[in-house]
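Engineer: Show me how the following folds:
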Amino acid sequence: MNMPAVGNAPDYSALPLSDLDISDPRMFQFDYWHGLFARLRAEAPVHFQPSSPAGPFWSVTRYEDIVAIERNTEVFSSEPSISVLDPEPDMILKMFIAMDPPEHDDQRRAVHHVVAPRNLKEFEGLIRERTAAVLDQLPENEPFDWVTLVSRDLTTKMLATLFDYPWEERNNLTDWSDMFTNDERITAGEGVPRDVIIEHITACLQRFTELWHERKGDGKEAFDLIRMLQADPNTANMVDDPLTYMGNIMLLIVGGNDTTRNSMSGGVVFLNQFPDQMAKVRANPELIPSMVSEIIRFQTPLPHMRRTATQNVSFGGQQIAKGDKVVLWYVSGNYDETAIERPNDFWIERPNVRGHLSFGAGIHRCMGNRLAEMQLRILWEEALKRFRTIELAGEPVRTCNLFIRGFTRLPVRVTRF
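Structural biologist: Prediction:
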């Protein structure tokens, strides 16, 4: 493979298709991925890469193709992994997002009530109160890290609420989320060593096992995620299968963290890049819900999901063999010119603004999408009330990660009304 120098984008238009490397996470770290996926959509929308740190895999880059595969769960399985990587033999955790029906449906059903409309309505006041408190404490006219003081703080507090997790230990949840998604094989060697990840997974399992036994039979209403698992007959004994219990806890932690946290940061970047859109939403705050959906599309916090072919199949003019990895690039589908009007514009009045792929499609569509949207909506409602300006005070520092597209640092400066 012709690898670019660190920070320098390769000339994707000049490289032969066989030399394109769709497994290099530096394209997200240095934000030069657009050219790669535009080329693939135009010339090889179903593209085979024979070798990579994750092994051989197919890339699917057009919106409609991604949706078609998402909806064909019999031919394109979510097992054994939703990442381009296969799990290490001693780290195979079972989670419902990496399962097919009927197991997927049974386990997802046990916890989806946590984001039922009644619960969301009850959450709103709490989220607004916490958001207001966080924003009121931000320094004025001096740079601070938005990721640390806003995005990470707010999502950590929400995670602790969803799990009814001990408040004084809540930062464990975000630390574990970062560990789970930081495999060295998808971070160009910048990730966490395998033994350290195992150490944190073990600590997480131990703590959540303690919480399970503390709550079992305590007579309290099944409001948090642990009690919901206990209350459903399909998952009532999940703790007896540590790999499945840990897998689902890990899924719920990461799912409740990364999409929201990185979209909270991405919104600041995009509104600085497109000041006309900031002016529009200031003039008409009723555009905030639409803006939130556009932020989530523009950010695409999870760039890909992977499926595995269960049989030989012809798709997009290519012959995909049984057992082949098929990677669905949401980050490409969300910028597909044939499906999305003006995809490279951050356009908060976009028609069908919720029709993006950031939450997936079909049976695996993110169950917490309404909660994520609500958290982001409240953040911007409260921020625009308080701040005359929200400006970048330095270059964003992005994650070097093939599975999480986000920010590790975002210098920001605000002024108040």
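
Engineer: Now residue 281: closest residue in space, sequence neighbours ignored.
Structural biologist: residue 287 (4.9 Å; C-beta to C-beta, 6 or more residues apart in numbering). Any C-beta I mention is one placed from the backbone N, CA and C, and that applies to glycine too.

Engineer: I'd like to know how many residues surround the one you found.
Structural biologist: Applying other C-beta atoms under 10 Å, we find 18 residues neighbouring residue 287.

Engineer: Now do the same contact list for it.
Structural biologist: 280, 281, 348, 349 (C-beta atoms under 8 Å, 6 or more residues apart in numbering).

Engineer: Give me the buried entries from those.
Structural biologist: 281, 348 (16 or more other C-beta atoms under 10 Å).

Engineer: Nearest to residue 237 among the contacts of residue 287?
Structural biologist: Closest approach between these and residue 237, by C-beta to C-beta: residue 348, at 46.9 Å.

Engineer: residue contacts, the closest one?
Structural biologist: 277, 280, 281, 287, 290, 291, 294.

Engineer: what packs against the helix or strand where residue 199 lies?
Structural biologist: Assigned by DSSP states H and E, residue 199 falls within helix 194-215. Counting contacts by 3 or more C-beta pairs under 8 Å, 6 or more residues apart in numbering; DSSP states H and E, helix 194-215 packs against helix 171-180, helix 225-231, helix 242-255.

Engineer: Buried residues in stretch 144-157, which are they?
Structural biologist: Across stretch 144-157, burial judged by 16+ other C-beta under 10 Å covers 144-147, 149-157.

Engineer: Flag every buried residue along stretch 281-296.
Structural biologist: Buried, per 16+ other C-beta under 10 Å, within stretch 281-296: 281, 287, 288, 289, 290, 291, 292, 293, 294, 295, 296.

Engineer: Likewise for stretch 85-104?
Structural biologist: Applying 16+ other C-beta under 10 Å to stretch 85-104 flags 85, 93, 94, 95, 96, 97, 98, 99, 100, 104 as buried.

Engineer: so is the second one in a helix, a strand, or just coil?
Structural biologist: With DSSP: H, G, I helix; E, B strand; the rest coil as the basis, the three-state label of residue 93 is coil.

Engineer: Could you report the pLDDT at it?
Structural biologist: Reported pLDDT at residue 93 in the predicted model: 73.

Engineer: what about it, distance to residue 245?
Structural biologist: Distance, residue 93 to residue 245, using C-beta to C-beta, to the nearest Å: 9 Å.

Engineer: Then the fifth one?
Structural biologist: Distance, residue 96 to residue 245, using C-beta to C-beta: 12 Å.

Engineer: got it, and the last one?
Structural biologist: Distance check for residue 104 against residue 245: by C-beta to C-beta, it reads 16 Å.

Engineer: Contacts only, for the nearest residue to residue 336 once chain neighbours are set aside.
Structural biologist: Distance criterion C-beta to C-beta, 6+ apart; nearest residue to residue 336, sequence neighbours excluded, is residue 63 at 4.1 Å. Applying C-beta under 8 Å, 6+ apart to residue 63 gives the contacts 333, 334, 336, 338, 339, 340, 357.

Engineer: Determine the set of other helices and strands touching the strand or helix carrying residue 379.
Structural biologist: Residue 379 belongs to helix 369-386 when assigned by DSSP H and E. With contacts taken as 3+ C-beta pairs under 8 Å, 6+ apart, helix 369-386 sits against helix 117-136, helix 153-163, helix 258-273, helix 275-283, helix 288-299.
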